[in-house]
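Q: mind looking at a prediction? Sequence and model below.
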Amino acid sequence: MAHDLKEKLKEALLDLNNDATLDYVQQFLAADEMTAKQAVDSIAEALEIVGRRFQEGDWFLGELVYAGTIAKEAMDVLTPALTADDARANCGTVVVGTIEGDMHDLGKSIFINYARSAGFDVIDLGVDVPAETFLEAVNEHEPLAVGMCCLLTPAAGGVGRVVELITERDLRARTKIIIGGAAMTQAFADEIGADAYAPDAVTGTDIIRGWVG
Amino acid sequence: MKTDVMTSQERLWAAIHLEQPDRVPLVPTLLPEPAAGLAGVSQATIASDNSEVVKAVFKVFDDYGGWDAIYPASYIPVQLQLGGVFPMKIKVPGQHIADDIPFQLEEVEILRLEDYDKIAEVGFDAFFNEDFLWRVTDVAPDEVRGHMDNLMIGGASFLEECANRDVQPLFLASGMHPFFKLSLMRSLVPFTQDIYYNPEPVERAIRRMTDDLLVEQKLSAINTGLGMWMCCEERAGGYFFRPEIFERFWWPYTKELVESQWSEGIVTLFHLDTCWDKNLHYFKELPKGSAILELDGTTDIFLAKEILGDHLCLKGDVPAALLAVGKPEEVTNYCRERIEKVGRGGGYILGTGCSVPPNAKPENFRAMIESVHQ
């Protein structure tokens, strides 16, 4: 039964069936022989397939976004039921925000949904975030990575400022920096000394996963 | 430096008609925000005064030696909201955000599921003006008329400045594709959910909005006398949605719009942001010469040339990031490659990917302008 339910949950998510996904999640929680952790693993497996399909061009951004939203809803239900050990076993903390001067939220939200569902603890700083706020968050949360989103080229200077601040405080060994959004490029990441540029949420999550020790 | 032998209009329309012009025509998308950047005016100034917008646009046009047709740009952001061009909440510099930040759109879920059928019943304009506008704007009802009067005055001034320089606007009639408009009003995630699980109301709204556009935009485009209208779409392509969705919710309506305009000899300029590689072959179904595809640098323009080169004109696609952070020689090389490969045999207009960015380096913008003369 455990195997059946895991497969059904995975397939419901891959079918983008919100109701069925949440129904199977409830079945997991109601069954004595099942654990919330097993349901989370099933969702993670489904999201890996979603990410692979997106990167290979078989799935599209709308589907990626929607799958991430369904997964988030499922995780919201499952998280309170995780044991303390399971909850501690997350992949790491990531601080994310859209840089000062830029109000775009969508790309950041797509990444956050996806990264959370993939097991990261994501601290969302919101949009229009000053460089100093990123630094404060890095000091407070000691994250594995800080991710900055920027879609407006006039705001791009702020991304470089965050890199400077984190570098000046000698925090680069502990925290990696990743950037994304329409105004960002690999060349810009190289120029400002960011650790990585991600063209999409799936790639970004994969890169950060590669940084997990 | 080559000598021009055609007029700007002859050159532009030779390219659109897939004939060989004397050189590749040049039409950068210079909107008020980049015009402010290049003219040294604050974003807050051009977001609050139509006359300052017109001044900035033509200062840049004059300072950089001009180009072949000019993008219509005489508006301030709130007028785009009030007119339903951007039916969303907006952040205006000097009002909601800092003076030096360009205006921005705030995509949040405001359109409700039941609104699709209201649109289908009364039409978009009535729904927007009587209901939806008041969910997104902070303009008081008695202030609307004044804003729209200023828009008309700004438009008249823009046309006068065009006439003074013997340059024509590229178009004056324009509309956002219903699919894109609804996606912005509803926001991406709920809209995606709707087209998967509640497709019928979405279709009914798109049907009604298309019917309205067929009448309004045809009349509008005829009245401008420019032979062109612009249709903006940034979400329907193969980056966002699979072909089945494109085929159901976008392509049939789009064909109707293009064919209706073309029956009056009016060309559709598609402003197509994001990657459309997977959708390019559909455009072969349109009448030859009936449309221009304006690409933003994420669609493979060389692939577009291969698939559509003998069928539709292409426009683009110098990326905003290149103009903002690149070097002049990189801009020149980028433009020259397109002029030589995409422009070969005609059917190409050099332009920017989406628009010139507000922080384009002057030397990069100049490199782009000069590249067509080399």
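A: All right, it came through fine. Numbers count the residues shown, from 1 in each chain, chains lettered A, B, ... in the order given.
Q: how close does whichever residue of chain A sits closest to chain B sit to A:Thr185?
A: Chain B sits closest to A:Thr153 of chain A, with a gap of 3.9 Å, by CB to the nearest CB. For every residue, glycine as well, the C-beta is placed using N, CA and C. Separation of A:Thr153 from A:Thr185 (CB to CB, to the nearest Å): 10 Å.
Q: quick check: A:Arg169 touching A:Glu132?
A: No. With contact defined as CB atoms under 8 Å, A:Arg169 does not reach A:Glu132; the gap is 11.3 Å.
Q: more neighbours, A:Thr153 and A:Thr185?
A: A:Thr153 (25 against 19; other CB atoms under 10 Å in any protein chain shown).
Q: now do the contacts for B:Pro77.
A: B:Ala47, B:Phe86, B:Ile90, B:Val92, B:Phe103 (CB atoms under 8 Å, 6 or more residues apart in numbering or on different chains).
Q: how about the nearest residue to the second one, chain neighbours excluded?
A: If the residues on either side of it in the chain are set aside, B:Phe86 comes closest to B:Leu80, at 4.7 Å by CB to CB, 6 or more residues apart in numbering or on different chains.
Q: confirm that neighbour sits in a helix?
A: Yes. If the criterion is DSSP: H, G, I helix; E, B strand; the rest coil, then B:Leu80 is within a helix.
Q: rewinding a little: state the distance from the residue of chain A closest to chain B to B:Ser355.
A: Look at A:Thr153 and B:Ser355: by CB to CB, they are 11 Å apart.
Q: any bit of the longest helix along chain A sitting next to chain B?
A: Secondary structure of chain A per DSSP state H: the longest helix is helix A:36-55. No. Against chain B, helix A:36-55 shows no contacts by CB under 8 Å from any CB of the partner chain, the least distance being 10.2 Å.
Q: what about the strands in chain A?
A: Applying DSSP state E to chain A gives strands spanning A:92-98, A:120-124, A:145-149, A:176-180, A:196-197.
Q: deepest in the core, which of these is it.
A: Most buried of the strands of chain A by mean neighbour count (mean count of other CB atoms under 10 Å in any protein chain shown) is strand A:145-149; its value is a mean of 29.
Q: next one: it to chain centre, how far?
A: 10 Å (CA atoms, centre = their mean, to the nearest Å).
Q: repeat that for stretch B:292-312.
A: 16 Å.
Q: what mean pLDDT does the helix or strand harbouring B:Met148 have?
A: Taking DSSP states H and E as the criterion, B:Met148 maps to helix B:141-165. Average pLDDT, helix B:141-165: 97.
Q: how about stretch B:171-186, does it reach chain A?
A: No. In terms of CB under 8 Å from any CB, no part of stretch B:171-186 sits within range of chain A; the closest distance is 9.2 Å.
Q: for stretch B:89-98, measure first residue to last.
A: 17 Å (CA to CA, to the nearest Å).
Q: pull out the buried positions in it.
A: Judged by neighbour count (16 or more other CB atoms under 10 Å in any protein chain shown), stretch B:89-98 contains these buried residues: B:Lys89, B:Ile90, B:Lys91, B:Val92, B:Pro93, B:Gly94, B:His96, B:Ile97.
Q: before we move on, back to that, count of neighbours near the residue nearest to B:Phe86?
A: If we define neighbours as other CB under 10 Å, then B:Leu80 has 17 of them.
Q: ok, back up a step: ok, which of the strands of chain A comes nearest A:Ala12?
A: Between A:Ala12 and these, the tightest spacing by CB to CB is seen for strand A:120-124, at 22.8 Å.
Q: and the closest one, what does it pack onto?
A: strand A:92-98, helix A:106-117 (3 or more CB pairs under 8 Å, 6 or more residues apart in numbering or on different chains; DSSP states H and E).
Q: rank those by pLDDT, which is bottom?
A: helix A:106-117 (a mean of 83).
Q: is that helix positioned near chain B?
A: Yes. Counting by CB under 8 Å from any CB, chain B has neighbours in helix A:106-117: A:Leu106.
Q: what is that helix packed up against?
A: So helix A:106-117, by 3+ CB pairs under 8 Å, 6+ apart, packs with helix A:36-55, helix A:61-78, strand A:92-98, strand A:120-124, strand A:145-149, helix A:201-211.
Q: distance to B:Ala140 added to the ones you listed, as JSON lines?
A: What follows is those, written out as JSON lines (distance: least, CB to CB, whole Å):
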{"stretch": "helix A:36-55", "distance to B:Ala140": "45"}
{"stretch": "helix A:61-78", "distance to B:Ala140": "36"}
{"stretch": "strand A:92-98", "distance to B:Ala140": "30"}
{"stretch": "strand A:120-124", "distance to B:Ala140": "34"}
{"stretch": "strand A:145-149", "distance to B:Ala140": "34"}
{"stretch": "helix A:201-211", "distance to B:Ala140": "40"}
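Q: could you say which of those is packed most deeply?
A: Mean neighbour counts for the helices and strands packed on helix A:106-117 (mean count of other CB under 10 Å) peak at strand A:145-149, with a mean of 29.
Q: picking that back up, and the contacts of the helix holding B:Met148?
A: Everything outside helix B:141-165 that qualifies as a contact, by CB under 8 Å, 6+ apart, is B:50-51, B:53-54, B:57-58, B:61-62, B:66, B:70, B:72-76, B:78-79, B:82-83, B:134, B:139, B:168-169.
Q: let's see 7 Å
A: B:50-51, B:53-54, B:58, B:61, B:66, B:70, B:72, B:74-75, B:78-79, B:82, B:139, B:168-169 (CB atoms under 7 Å, 6 or more residues apart in numbering or on different chains).
Q: right, and the helix or strand after it?
A: Criterion used, DSSP H and E; the element after helix B:141-165 is strand B:173-176.
Q: now that next one, how far from the centre of its chain.
A: The answer for strand B:173-176 is 8 Å, by CA atoms, centre = their mean.
Q: any idea how far A:Met184 is from A:Ile207?
A: For A:Ile207, the distance to A:Met184 equals 13 Å [CB to CB].
Q: on that earlier part again, so the residue of chain A closest to chain B sits against B:Pro319, correct?
A: No. Here A:Thr153 lies out of contact with B:Pro319, judged by CB atoms under 7 Å, at a distance of 9.9 Å.
Q: close to chain B: what parts of chain A are there?
A: With CB under 7 Å from any CB of the partner chain as the criterion, chain A comes near chain B at residues A:16, A:60-62, A:65-66, A:69, A:101, A:103, A:106, A:152-154, A:183, A:185, A:188.
Q: circling back to that earlier point, mutual contacts of A:Thr153 and A:Thr185, please.
A: Common neighbours of A:Thr153 and A:Thr185 (CB under 7 Å, 6+ apart) are B:Ala321.
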